[in-house]
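K.L.:
got a structure for you, letters missing:
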């Protein structure tokens, strides 16, 4: 799956579909009073056109003796601008190329990232006439998977597969963190890594 995504990404970028000449892709990181915020470049992930799927890769190390207490992925002024199937699949990936990439799927229905990472949520637009702000808070299990992916090698990301064209004015991931005593931090680190290893092991067994 990852090789397929990277090949499609190369074709996409050469075609220059969503990123104009001179545009760059990446991630901005902002330290806040109680955590950190990440925003993709471009902020709208290149348009979320229904003919493509997108990855957003982030490289970041959790500071020593800190744990992640919450995570929220938010979309500013998101709106379904088409009449096709109104689904936006949002997936957590344990690894992804840094920055924003995209691959062509010809407006295929379904989740292009099925079997690669974990589905966080499927967004649908309740009111297609008016843009809205959508925020998705991670549940406890998803937060553990995220913590484990970061602890593994400092790289994680998201996969977005729109089955309709979703305009938006920006995407943001906000993490809150707190400092914990060193023994507790070590226990939570191992817990997150253990959950990630368990899930990856199950995926390997299914693929075998």
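P.N.:
Perfect, thanks for sending it. If you're wondering where the values come from, they're calculated on a predicted model, not measured in any experiment.
K.L.:
can we go C-alpha only for contacts and neighbour counts from here?
P.N.:
OK.
K.L.:
so how far is residue 147 from the nearest residue to residue 169 once chain neighbours are set aside?
P.N.:
Spatial nearest neighbour of residue 169, chain neighbours left out: residue 76 (5.2 Å); criterion: Cα to Cα, 6 or more residues apart in numbering. Computed as Cα to Cα, to the nearest Å, the residue 76 to residue 147 distance reads 25 Å.
K.L.:
and what of residue 69?
P.N.:
Distance, residue 69 to residue 147, using Cα to Cα: 10 Å.
K.L.:
more neighbours: which of those two?
P.N.:
Ranked by neighbour count (other Cα atoms under 10 Å), residue 69 and residue 147 place residue 147 first, with 27 against 14.
K.L.:
helix/strand/coil for that one?
P.N.:
Following DSSP: H, G, I helix; E, B strand; the rest coil, we place residue 147 in the helix state.
K.L.:
and it, how far from residue 44?
P.N.:
25 Å.
K.L.:
check which helix or strand the residue nearest the centre of the chain maps to.
P.N.:
By Cα atoms, centre = their mean, the chain has its centre lying nearest to residue 158, at 1.8 Å. In the assignment (DSSP states H and E), residue 158 maps to strand 155-162.
K.L.:
strands paired with that strand, and their directions?
P.N.:
Strand pairing for strand 155-162, determined by DSSP bridges: strand 52-59 (antiparallel), strand 88-93 (antiparallel).
K.L.:
got the contact list for the residue nearest to residue 169?
P.N.:
132-134, 168-171 (Cα atoms under 8 Å, 6 or more residues apart in numbering).
K.L.:
buried stuff in the lengthiest strand in the chain?
P.N.:
If you go by DSSP state E, the chain has its longest strand at strand 66-80. Using 16 or more other Cα atoms under 10 Å as the test for burial, strand 66-80 gives 66-68, 70-80.
K.L.:
circling back to that earlier point, report the beta-bridge partners for the residue nearest to the centre of the chain.
P.N.:
Legend: beta-bridge partners of residue 158 under DSSP bridges are residue 56, residue 92.
K.L.:
what sits against it?
P.N.:
So residue 158 contacts 55-57, 90-93, 96 (Cα under 8 Å, 6+ apart).
K.L.:
how long is stretch 86-101 from one end to the other?
P.N.:
Stretch 86-101: ends 22 Å apart by Cα to Cα.
K.L.:
thinking again about what came up before, of the contacts of residue 76, which is the nearest to residue 40?
P.N.:
Nearest to residue 40 among the contacts of residue 76: residue 171, at 6.8 Å, using Cα to Cα.
K.L.:
hmm, the closest one is touching residue 44, no?
P.N.:
Yes - applying Cα atoms under 8 Å, one finds residue 171 in contact with residue 44, separated by 6.1 Å.
K.L.:
which pLDDT does the model give the nearest residue to residue 121 once chain neighbours are set aside?
P.N.:
Closest residue in space to residue 121, ignoring its immediate chain neighbours: residue 90 at 5.5 Å, by Cα to Cα, 6+ apart. On the pLDDT scale, residue 90 is placed at 98.
K.L.:
so who does residue 90 touch?
P.N.:
119-123, 158-161.
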